[in-house]
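Visitor: Have a look; sequence and predicted model below, questions after that.
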Amino acid sequence: MRRKSSDSTAAALLTLVAGAVLLPLLMVGAIFLIIGLNAGSGPGPYTVLFAKAGDECERIGQYLDASTGEPLSCSGPGGFRTSSLDFPGFSREQNDEVRRWLTTLLRDGELSLFDQRAIQGKVEGIAAELPPGTRVERESGTTRIWIGAGLTGAGLLLGSGFARQWLQNRRSGF
């Protein structure tokens with residue numbers, strides 16, 4: 001049986017539509033999966049990180065100079081940022097309490113590893129006592145993972161349907 005030119009045009013159009021739908025679905029799905037899987041790996045909103053001037057920083061977390069306890073200005077993803085030692089959901093008094101604790105620990109000079117852990121413990125203790133709705137939770141990637149899995153699954157399902165139809169048409173001579 002001889003093929004019509006309209007059959008090859010339809011096949012080419014179907015391939016073009018399949019590529020235009022499948023590739024974006026698969027690519028966006030994969031991007032969502034990667035972002036979702038990496039979402040919880042950075043510091044949380046109540047994490048105190050001790051670094052040196054010029055170090056890179058994440059977009060979340062409070063960065064303090066390891067030797068002076070002063071908030072750091074640092075660069076990282078999203079550009080340049082300055083830490084302020086103000087924690088989300090903390091009242092002014094709670095933030096002042098953290099600052100006083102930090103000042104007390106700095107009286108003997110540089111912050112030791114024990115001092116750094118004590119400051120982190122103080123912040124976590126205050127954060128644990130925040131009322132529900134006030135406390136900012138660590139970003140979870142679960143929603144992004146589900147979106148990515150759904151888009152990737154839809155792309156694979158659609159792709160397998162197109163492939164099956166293409167094989168059937170090829171076997172039947174259309």
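Guide: Arrived safely.
Visitor: which ones are touching Leu26?
Guide: Leu151, Thr152, Gly155, Leu156, Gly159 (C-beta atoms under 8 Å, 6 or more residues apart in numbering). Glycine gets a C-beta too; all of them are placed from N, C-alpha and C.
Visitor: Check it and give its pLDDT.
Guide: For Leu26, the pLDDT comes out at 84.
Visitor: again with Phe80
Guide: Looking at Phe80, its pLDDT is 61.
Visitor: pLDDT averaged over stretch 144-164 - what is it?
Guide: Stretch 144-164 shows a mean pLDDT of 84.
Visitor: Now do that stretch: everything it contacts.
Guide: Residues outside stretch 144-164 that contact it (C-beta under 8 Å, 6+ apart): 14, 18, 21-22, 25-26, 28-37, 39.
Visitor: Tell me, how many residues neighbour the closest residue in space to Asp65 that isn't next to it in sequence?
Guide: Nearest-residue entry for Asp65: Leu72, 5.4 Å, with adjacent residues in sequence omitted and distances by C-beta to C-beta, 6 or more residues apart in numbering. By other C-beta atoms under 10 Å, 21 other residues sit near Leu72.
Visitor: Same check on Tyr46?
Guide: Neighbour count of Tyr46, defined by other C-beta under 10 Å: 23.
Visitor: For the residue nearest to Asp65, what are phi and psi?
Guide: Backbone dihedrals for Leu72, given as degrees, to the nearest 10, come out at phi -100, psi 150.
Visitor: one step back: pull out the buried residues from the contacts of Leu26.
Guide: Leu151, Thr152, Gly155, Gly159 (16 or more other C-beta atoms under 10 Å).
Visitor: Three-state assignment for Leu85, please.
Guide: The local conformation at Leu85, judged by DSSP: H, G, I helix; E, B strand; the rest coil, is coil.
Visitor: Pretty sure Val98 is one of the things it touches, is it not?
Guide: Yes. Using C-beta atoms under 8 Å, Leu85 is in contact with Val98, at 6.7 Å.
Visitor: how does this structure divide into domains?
Guide: The record's domain parsing of the chain by automatic domain parsing lists 5-39+142-172, 45-128.
Visitor: quick one, which of those is nearest to Arg135?
Guide: Arg135 sits nearest to domain 45-128 of all the domains of the chain, at 5.4 Å, using C-beta to C-beta.
Visitor: Pull up the distance across the closest one, start to finish.
Guide: Using C-alpha to C-alpha, to the nearest Å, one end of domain 45-128 lies 13 Å from the other.
Visitor: Give me the buried positions along the helix of greatest length in the chain.
Guide: Using DSSP state H, we find that the single longest helix of the chain is helix 5-38. Residues of helix 5-38 classed as buried: Ala18, Leu22, Leu25, Leu26, Gly29, Phe32, Leu33, Gly36 (neighbour count, 16+ other C-beta under 10 Å).
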